[in-house]
Each structure stands twice: as structure tokens, then as C-alpha cells.
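1. Coordinates for the following, if possible.
(2 chains)
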Amino acid sequence: KAGVTQTPRYLIKTRGQQVTLSCSPISGHRSVSWYQQTPGQGLQFLFEYFSETQRNKGNFPGRFSGRQFSNSRSEMNVSTLELGDSALYLCASSSNSGTKGNEQFFGPGTRLTVL
Amino acid sequence: SQKIEQNSEALNIQEGKTATLTCNYTNYSPAYLQWYRQDPGRGPVFLLLIRENEKEKRKERLKVTFDTTLKQSLFHITASQPADSATYLCALDLGRGYNKLIFGAGTRLAVHP
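-> Got it, this is the predicted structure:
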């Protein structure tokens, strides 16, 4: 089974621009979560989608948004980029709804640099 | 306030010894606790999950304990090898019906030959 894939792997943007990151979960997984990882804050939860519905959102400004398609692929969007948005953005998929505790499968991440 | 703390930024041990990593949390009531390994430039990889009603879990050379009274989990790697060198992350799952993990900052483990 192919793992979680994320595109692009690297991205350089300038302040004020917007960016869209893509994530393809493991086949059959309906849950996709997004995390931001920075040296200062570590891994922080952005949001989770299950069957095209956002079920939970972390403590990030409204500039961060996402969506999930019917094939479970997900995108996240960051508008009006700030220098502090430079980070590794990780997507994780999971096989069930989360009610019984389950492992998450992470992709390799997208390294976003904002200049 | 809510906190997750993992012991020290880096842990250096000799090959063959047991590495013990600590995860302490405050003001959370996790239903599950997970441990992940992360290598530089890669996403975290799941290692073990332990439930709130379990005291201990083992998988090959790995052992996890979970003490909900002390609000602490210990992660042990026995007979450590240089290939075990990585950052280890603990993550709390509050078990509220969605997949959200709350991560600690991680402990960087270096196993020296």
C-alpha cells in the first residue's frame, strides 16, 4: 500500500502571498489531519477532516483553512503569508474515526519558507 | 495551564544500554498515549499506543508504561543500537471521537557505538 503523499515537498513564497498544499492519504483512510511543525512550537494540530467534514480545528488564525474531497484527498490553504508561517506542514491519515484510539500515518511533509 | 513535557532536549547513551525517555503531562486526561519516532527531514512514524487502563505495553525491544495517577509515560528501548538514534515524540489522544494528537516537544536520542 502506498503511504501518505504530500505535494509539493518544498515551497518558497513571499509575505502576503497565499499557498495551497496537497495531501493524498493511504487508500481507504477517511481521516486526514494537518499539523504544523516548527523548532520553537513543535508539532501543533491544525485541523482534521473526516468524510469531507472538518471535525476539529486547532488554535490557528482563520488564514489557515482546509478541505477534503470525496476521494479523501485533502488540501490546506494559507492566505496572506507571514514570516512566522515558515514551517514543515505534515499531513497524517488514519483508518478509523478516532473513537478507539489509532495510529496516524504521516506523510513526508511540505517545507514552506516565507521570505 | 496544559502542558506536555519530555525529558531533556538530548539523551546520549552507549550502544547496548537501555534508553528511558519520559513524558509528563499536566491538566490533560488522555484516553490514549502514543509514541512516535521522527528522523530528520521525515514525518513521524508510529511506534506504540497505550490505553489509559493499561499499565504497560511491549513491542520487540520497546516498552511503554502509562501511569495516569502520576500523569507520566515512560518509553524504554532495550539493547539500544545506533540505528535507534532519532527524535522520539509522545502524543496525547483525548479520545473524543476525532483524530487529534497533542505532541510533546520530543527527546533527541543519540546512541553511540
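
2. only C-alpha atoms for contact and neighbour calcs from this point on.
-> Fine.

3. residues from chain B in reach of chain A?
-> Contacts of chain B with chain A, taken as C-alpha under 8 Å from any C-alpha of the partner chain, map to B:31-32, B:34, B:41-46, B:49, B:93, B:95-105.

4. quick one: which of those sit in strands?
-> Of those, the ones assigned to strands by DSSP state E are B:32, B:34, B:45, B:46, B:49, B:93, B:101, B:102, B:103.

5. what's the neighbour count on the fourth one?
-> Other residues near residue B:46 number 19, with proximity taken as other C-alpha atoms under 10 Å in any protein chain shown.

6. Pretty sure it sits against residue B:39.
-> No. Residue B:46 sits out of contact with residue B:39 when judged by C-alpha atoms under 8 Å, with a separation of 12.0 Å.

7. Going along the chain, name the strands of the chain.
-> No chain in the question, so chain A it is. For chain A, strands defined by DSSP E occupy the ranges A:5-7, A:10-13, A:19-24, A:31-38, A:42-50, A:53-57, A:64-68, A:74-78, A:87-94, A:105-106, A:110-114.

8. you looked at the wrong chain, it should be chain B
-> Using DSSP E, strands in chain B cover B:3-6, B:10-14, B:19-26, B:32-38, B:45-51, B:56-59, B:62-67, B:72-77, B:86-93, B:101-103, B:107-112.

9. Kindly reformat these as a markdown table containing mean pLDDT.
-> Shown next, in a markdown table, are those (pLDDT from 0 to 100):
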| stretch | mean pLDDT |
| --- | --- |
| strand B:3-6 | 92 |
| strand B:10-14 | 94 |
| strand B:19-26 | 96 |
| strand B:32-38 | 96 |
| strand B:45-51 | 95 |
| strand B:56-59 | 96 |
| strand B:62-67 | 97 |
| strand B:72-77 | 97 |
| strand B:86-93 | 96 |
| strand B:101-103 | 93 |
| strand B:107-112 | 96 |
